[in-house]
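need coordinates for the following:
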Amino acid sequence: MAILHLQRDQPEGVPPLALTGERTLPDVPEENYWFRRHLVVYEWIARQLAGKRVVDMACGEGYGADVLARTAGGVVGVDANPEAHEHARLRYRRENLRFVRDLVESFPEQADAVVFLQTIEHLSDPGDALEHFRSLVAPHGVVYLSTPNVLTLAPRGASRSGNPWHVHEYRAAEFERLCRASFATVKMHGLFHARKLRGHELALRVGWDAAHRRLGLTKRFYDWFTPAIAVSDFALRPAGEADLDRALDFVAVCRP
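Numbers count the residues shown, from 1 in each chain. Purely as a prediction, here's the structure:
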């Protein structure tokens, strides 16, 4: 797969990671929409885990583990990729944060919480991973899971997106069933556009995309708009207050 972008402005001695589509990265302006879409969930989780022992499974570049470590008692970021592990280890340094290169299905340390975001769609046997996570937090811990909604990720009429890294993409009911097979309590949430992203979404419905192409504004507009997206341009809402079939991503809070 061709490498489109490399991280900018990394600290001295920290090797930048390439944006290949397998993981989301900070410090790539063109990737800012996806980075903020993931970051808002990490920040929401971090507010609930003050003082807790946390494992961030498939932590990738490490930014999410670093966010969790702002409030948690201790965080371990786990990832099997050698380049991502080395980057995270060198870039994110806190006394309560460390990174381990291991498989998420076999990492053995007990914790108060396991966080596993935007990765379950990459697994061929997700049930085994969820059973392992439950064993790490049982009997009184919590597991946070997220995955994109295939209904909003895939092109209209398609059964899945074109992401080659995804093994299976979920609808809300299917994702909830998967979680309930391993956990006694599952609370579902949906992530939605808010503020300027919601305005942009509504503008597209009335033909803004065709208008800016005719006016020759597309590149200039998105060169400004995409880097300006913030976590406040997303909203996380519980099931019952929103239609999860319209969500961008699902977030499940699971307890043994």
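
following the lowest-mean-pLDDT helix or strand in the chain, which helix or strand shows up next?
Scoring the helices and strands of the chain by mean pLDDT, DSSP states H and E places helix 208-215 at the bottom, with a mean of 66. On the C-terminal side of helix 208-215, the closest following helix or strand by DSSP states H and E is helix 218-228.

quick one: contacts of that following helix?
29-30, 32-33, 196, 200, 212 (CB atoms under 8 Å, 6 or more residues apart in numbering). In this view, the C-beta of every residue, glycine as well, is placed from N, C-alpha and C.

by neighbours, which of those residues wins?
Asn32 (20 neighbours; other CB atoms under 10 Å).

and the gap between that one and Thr20?
Distance of Asn32 to Thr20, computed by CB to CB, to the nearest Å: 17 Å.

could you do Leu178 as well?
27 Å.

which one of the two has more residues nearby?
Leu178 (20 against 14).

spatially nearest residue to the more buried one (excluding sequence neighbours)?
Nearest residue to Leu178 in three dimensions, chain neighbours excluded: Pro126, at 6.2 Å (CB to CB, 6 or more residues apart in numbering).

got phi/psi on the one you found?
When read as degrees, to the nearest 10, the backbone of Pro126 gives phi -60, psi -30.

so who does it touch?
Contacts of Pro126 by CB under 8 Å, 6+ apart are 120, 168, 178.

how about the residues you listed in JSON lines, adding distance to Ala46 and secondary structure?
Below are the contacts of Pro126 laid out as JSON lines (distance: CB to CB, whole Å; DSSP: H, G, I helix; E, B strand; the rest coil):
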{"residue": "Ile120", "distance to Ala46": "20", "secondary structure": "helix"}
{"residue": "His168", "distance to Ala46": "28", "secondary structure": "coil"}
{"residue": "Leu178", "distance to Ala46": "25", "secondary structure": "helix"}
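
which of the residues you listed sits closest to Phe192?
In terms of CB to CB, no member of the contacts of Pro126 lies closer to Phe192 than Ile120, at 20.1 Å.

ok, the closest one - contacts?
With CB under 8 Å, 6+ apart, Ile120 has these contacts: 126, 129-130, 145, 147, 170, 178.

distance check, it against His85.
Counting by CB to CB, the gap from Ile120 to His85 is 20 Å.

okay, helices next: where are they in this protein?
32-46, 63-69, 82-91, 126-137, 150-153, 172-180, 195-205, 208-215, 218-228 (DSSP state H).

Asp243: which of these is closest?
helix 172-180 (9.0 Å).

just the buried residues of the closest one, please?
172, 175-176, 178-179 (16 or more other CB atoms under 10 Å).

could you dump those to CSV with pLDDT?
Shown next, in CSV, are the buried residues of helix 172-180 (pLDDT from 0 to 100):
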residue, pLDDT
Ala172, 97
Phe175, 98
Glu176, 98
Leu178, 98
Cys179, 98
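
fine, thanks again, bye for now.
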